[in-house]
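Participant: give me the fold of what follows.
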Amino acid sequence: MLKLLILFVILMTGCFGSESQNNNNNNTDTTSFWFNVSTFNYIKSRDLDILFQIDTSGSMREAQTRLRSRFSELITVLKRFPGGLPNIHIGVSTTDIGTYNYNVGGCEGVGDDGMLLKGACANPVGQNFIVDVEAAGCNIERDADSGNCSNHKCAQENCDVSAFTVNGVEKEPAGLMFAEDDDGCPRCRNYSGEDINSVFDCISDVGTSGCGFEQHFESLLRALVPHNTKNPEFIRHDAFLAILFVTDEDDCSAKQPGNIFDDSDTSISGNLGPLSSFRCTEFGIVCDEPWERGMSESSMTHTNCHSRPAADPDNYLWPVSTYINFLTTIKPLDHTVVGALAGPDNGILRVSLDENSWPYLQNVCSPPDSSIYAVSGIRLSEFVNYFNSNGTNWAFNSICDNDYTPALQRFGFEIKNKMIEGCPDFPLEGCPDPPAAFGMQGITSLSQELSESCNPVCNVKIIEPDGQSRSIGQCPEDYKDGHPDKRDPNLPVEACWHVVWAPECSNEIINYGPSRGAAIRVSIRSTPPLLGSIIEASCLGFQNTETICNDTIDNDYDGLVDSKDPDCYGK
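Facilitator: The predicted structure is shown next:
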């Protein structure tokens with residue numbers, strides 16, 4: 001299984017070669033592979049738009065409660081960004097857009113139609129989404145150690161719409177109120193009298209009376225389509241976009257006029273069969289085994305299940321690629337984070353018969369002492385995986401988990417890795433223990449010689465907005481020990497790259513992964529790259545965890561092999 005995973009990563013990122021090492025000091029074999037560092041802008045935006053899309057069907061009450069109770073974990077991660085909390089917009093939409101031309105019970109009309117919701121909540125004021133951004137047009141001094149802003153001269157005028165107007169374009173909505181956060185730093189908000197966690201708790205209480213045919217992707221499109229008159233000012237042109245699906249069923253985004261919802265013939269032998277969620281499976285998913293509504297057995301297992309392709313005449317749903325293409329047209333991949341709390345997908349679906357002898361999907365998870373259950377999110381996982389093609393497994397979390405803390409923390413860390421310059425998604429070959437390499441306590445069990453070394457192998461280039469690209473080399477070690485400032489007029493080369501210690505690139509949930517705190521930094525001598533340029537880097541690296549626990553290989557290159565590695569405990 002490991003070999004297949006590694007092969008997939010190489011095919012996606014481009015194989016420049018592989019390199020094997022024999023670590024005699026630890027008596028382990030390790031193999032490194034070429035991975036892409038996520039491309040990153042030379043000038044990063046601190047603007048972040050977050051959309052929570054929440055299923056409002058009747059089975060979602062407990063899951064919604066768990067989400068609201070752990071939302072603060074995401075905010076805690078975001079507050080640890082360099083410079084504090086980013087400039088955030090946070091909105092909530094649902095999966096309910098009705099059933100088009102068919103008046104299915106509980107799905108009347110157009111549902112919520114992709115609109116951001118705030119219900120009867122007192123906050124936010126003026127918009128249906130949360131706005132919490134740094135005051136504009138004033139000097140803010142933040143202490144690097146404490147994060148406090150003890151000296152600023154910002155006031156309400158720095159939250160007026162004119163303060164956020166650049167070249168005649170209004171970046172933030174009118175009516176924002178001046179406030180100071182817990183560190184005394186000036187913020188502009190559209191809420192008051194309660195903290196951001198309480199505001200989210202209210203606007204995300206979307207209820208459970210929504211349509212049982214969840215159209216995740218079509219609702220997402222309606223929420224985010226450019227020049228949207230439903231949700232004006234939510235999406236900002238230069239902001240990062242993060243989306244989290246929260247649902248216990250798969251996507252059923254139907255082609256219009258929505259013939260999949262036709263209720264004129266609901267017999268088991270009819271063209272579409274009984275009017276149930278199984279229609280979304282039969283006419284949206286294909287497996288190695290054909291679907292049989294009148295099964296001769298009480299249950300059947302279907303393998304290698306995936307979404308029906310666009311050209312499939314039996315596909316009554318819009319192909320997943322339709323919505324992937326949409327999202328990539330409004331945001332570049334390196335500015336997009338997509339995750340899910342949903343039913344786990346392993347490509348296998350098990351179908352049983354209910355008391356009416358109608359087919360239905362068996363749950364893939366249903367924890368004891370809980371009202372939560374879920375079916376496999378196959379279309380959802382294909383969509384999410386497209387935006388996480390580097391092999392990370394942070395993005396798709398089970399909605400049946402007892403605690404959503406890890407899922408929300410991972411979501412926050414992935415946002416941080418995208419927004420902060422040059423955070424690799426993997427430990428670097430040649431720099432396996434960044435804390436030790438930069439004079440701090442090491443986090444691996446490697447020898448001192450190996451843990452204190454940091455000389456990674458990377459190919460780095462700058463790509464200008466017009467498509468012109470130029471490769472740059474590693475910064476010379478005889479100049480400022482190989483670690484010059486980002487702008488250095490005395491740099492002996494025009495531009496170069498080096499590795500720095502960046503705690504924001506670490507994630508203490510998984511042994512200080514993904515890069516264990518290593519970041520790629522580019523230094524330049526004179527004119528910086530044009531705004532909109534990107535830095536593209538490919539580096540030799542290792543897996544984040546010990547992926548196989550009986551191969552005598554140190555897969556994650558931390559000096560611990562197989563059963564000696566905590567990653568293998570219990571496996």
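
Participant: pLDDT weak spots in this structure?
Facilitator: 1-44, 144-145, 389-393, 421, 465, 504, 507-513, 527-534, 570-571 (pLDDT under 70).

Participant: do that again at 50, thanks
Facilitator: 1-27, 41-43, 391-392, 509-511, 531 (pLDDT under 50).

Participant: where along it do the helices fall?
Facilitator: Taking DSSP state H to define them, one finds helices in the chain at 2-13, 61-79, 196-203, 216-224, 278-282, 320-330, 378-386, 405-419, 434-437, 448-451.

Participant: elements contacting the second one?
Facilitator: Looking back up the chat, that one is helix 61-79. strand 47-54, helix 196-203, strand 240-246, helix 405-419 (3 or more C-beta pairs under 8 Å, 6 or more residues apart in numbering; DSSP states H and E). No exception for glycine: its C-beta is placed from N, CA and C like everyone else's.

Participant: which residues does the first one contact?
Facilitator: For strand 47-54, contacts defined as C-beta atoms under 8 Å, 6 or more residues apart in numbering pick out 60, 64, 67, 78, 86-95, 133, 204, 206, 216, 219-220, 223-224, 234-236, 238-247, 415, 419.

Participant: now with 7 Å, please.
Facilitator: With contacts defined as C-beta atoms under 7 Å, 6 or more residues apart in numbering, strand 47-54 is touched by 64, 86-95, 204, 206, 216, 219-220, 223, 234-236, 238-246, 415, 419.

Participant: got it, and the third one?
Facilitator: If you take C-beta under 7 Å, 6+ apart as the criterion, strand 240-246 is touched by 45, 47-55, 63, 67, 216, 220, 331, 335-342, 380, 399, 411, 415, 418-419.

Participant: among those residues, name the buried ones.
Facilitator: Taking 16 or more other C-beta atoms under 10 Å as the criterion, what is buried in those is 47-55, 63, 67, 216, 220, 331, 335-342, 380, 399, 411, 415, 418-419.

Participant: and the contacts of strand 47-54, which are buried?
Facilitator: Buried among those (16+ other C-beta under 10 Å): 64, 86-95, 204, 206, 216, 219-220, 223, 234-236, 239-246, 415, 419.

Participant: what's the neighbour count on residue 306?
Facilitator: Residue 306 has 15 neighbours, counted by other C-beta atoms under 10 Å.

Participant: what distance do you get for it to residue 424?
Facilitator: 30 Å (C-beta to C-beta, to the nearest Å).

Participant: ok, residue 195 to residue 253 distance?
Facilitator: Counting by C-beta to C-beta, the gap from residue 195 to residue 253 is 35 Å.

Participant: I'd say residue 370 and residue 62 touch.
Facilitator: Yes. Counting by C-beta atoms under 7 Å, residue 370 does reach residue 62; the two are 6.4 Å apart.

Participant: coming back round to it: who has more neighbours out of residue 195 and residue 253?
Facilitator: Neighbours per residue, other C-beta under 10 Å: of residue 195 and residue 253, the larger number sits with residue 253, 24 against 14.

Participant: ok, that one - contacts?
Facilitator: 215-218, 317-318.

Participant: for those residues, which one is nearest residue 155?
Facilitator: Nearest to residue 155, judged by C-beta to C-beta, of the contacts of residue 253 is residue 216 at 42.7 Å.

Participant: and the closest one, what does it touch?
Facilitator: Counted by C-beta under 7 Å, 6+ apart, residue 216 has contacts 53, 95, 245, 247, 251, 253, 380.

Participant: again, only this time at 10 Å
Facilitator: 53, 55, 93-95, 97, 243, 245-247, 249-253, 323, 340, 342, 377, 379-380, 383 (C-beta atoms under 10 Å, 6 or more residues apart in numbering).

Participant: and residue 303, how many neighbours?
Facilitator: 11.

Participant: was I right about it contacting residue 287?
Facilitator: Yes. Using C-beta atoms under 10 Å, residue 303 makes contact with residue 287 at a distance of 6.1 Å.

Participant: which residues do those two both contact?
Facilitator: Counting by C-beta under 10 Å, 6+ apart, the residues touching both residue 303 and residue 287 are 347-349.

Participant: relative to residue 484, which of those is nearest.
Facilitator: Using C-beta to C-beta, the shared contacts of residue 303 and residue 287 come closest to residue 484 at residue 347, 48.7 Å.

Participant: need the contact list for that closest one.
Facilitator: Contacts of residue 347 (C-beta under 10 Å, 6+ apart): 287-288, 302-306, 376, 378, 381.

Participant: wouldn't residue 134 be in contact with residue 140 here?
Facilitator: Yes. With contact defined as C-beta under 10 Å, residue 134 reaches residue 140; the gap is 7.0 Å.

Participant: quickly list what's touching both of those two.
Facilitator: 83-84, 149, 154, 158, 185-186.

Participant: list buried residues within these.
Facilitator: 84, 149, 154, 158, 185-186.

Participant: in JSON lines, list the residues you listed along with distance to residue 522.
Facilitator: Output for these, formatted as JSON lines (distance: C-beta to C-beta, whole Å):
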{"residue": "84", "distance to residue 522": "24"}
{"residue": "149", "distance to residue 522": "29"}
{"residue": "154", "distance to residue 522": "32"}
{"residue": "158", "distance to residue 522": "32"}
{"residue": "185", "distance to residue 522": "28"}
{"residue": "186", "distance to residue 522": "31"}
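
Participant: farthest pair in these?
Facilitator: Maximum distance among these (C-beta to C-beta): 16.1 Å, for 84 and 158.

Participant: now the strands: where do they sit in the stretch 351-500 of the chain?
Facilitator: For the stretch 351-500 of the chain, the strands defined by DSSP state E, counting those that start in this stretch cover 359-361, 396-398, 458-463, 469-474, 495-501.

Participant: rebuild those strands as CSV, extending it with distance to residue 405.
Facilitator: Formatted as CSV, the strands of the stretch 351-500 of the chain follow (distance: least, C-beta to C-beta, whole Å):
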stretch, distance to residue 405
strand 359-361, 28
strand 396-398, 11
strand 458-463, 34
strand 469-474, 39
strand 495-501, 27
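
Participant: and of those, who's closest to residue 210?
Facilitator: Nearest to residue 210, of these and by C-beta to C-beta, is strand 359-361 at 19.3 Å.

Participant: pull out the buried positions in that closest one.
Facilitator: 359-361.

Participant: now render these as JSON lines, adding distance to residue 119.
Facilitator: As requested, these are exported to JSON lines (distance: C-beta to C-beta, whole Å):
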{"residue": "359", "distance to residue 119": "36"}
{"residue": "360", "distance to residue 119": "32"}
{"residue": "361", "distance to residue 119": "31"}
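
Participant: residue 331 reaches residue 45, doesn't it?
Facilitator: No. Applying C-beta under 10 Å as the test, residue 331 and residue 45 come out as separate, 11.4 Å apart.

Participant: what residues are shared contacts of the two?
Facilitator: Joint contacts of residue 331 and residue 45 (C-beta under 10 Å, 6+ apart) are 237, 239-240.
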